[in-house]
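Asks: based on what follows, work out the 3D shape:
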Amino acid sequence: MFEITCGKCGAPIYSGVDLKPAKDMLKLVSNRCKKCGALLSDQDFIVEVKPLQT
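Replies: Sure, this is the predicted structure:
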């Protein structure tokens, strides 16, 4: 599972099984979080890998 979340409020921006560039996903939401309105930049993202929970 691949997920992009807002760094300010934690709201999901994208969630799916396809690995997609953050900049492409942010374009779909006009570079703003739909929940808190924070301006998002693909430069501000970090990669965090977590084990799958069963």
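Asks: now do the residue nearest to residue 31 when sequence neighbours are not counted against residue 53, distance only.
Replies: Distances taken as C-beta to C-beta, 6 or more residues apart in numbering put residue 40 closest to residue 31, at 5.2 Å, once the chain neighbours are dropped. Heads up, the C-betas are built off the backbone N, CA and C, glycines and all. Separation of residue 40 from residue 53 (C-beta to C-beta, to the nearest Å): 26 Å.
Asks: more crowded one of those two?
Replies: For residue 40 and residue 53, the more surrounded residue by other C-beta atoms under 10 Å is residue 40, and the numbers stand at 22 against 5.
Asks: what sits against that one?
Replies: Contacts for residue 40 (C-beta atoms under 8 Å, 6 or more residues apart in numbering) come out as 6, 7, 13, 26, 29, 31, 32, 33.
Asks: between the residues you listed, which sits nearest residue 44?
Replies: residue 7 (6.2 Å; C-beta to C-beta).
Asks: quick check: the gap between the closest residue to the closest one other than its chain neighbours and residue 53.
Replies: Excluding the flanking residues, the one nearest residue 7 by C-beta to C-beta, 6+ apart is residue 44, at 6.2 Å. With distances taken as C-beta to C-beta, residue 44 is found 26 Å from residue 53.
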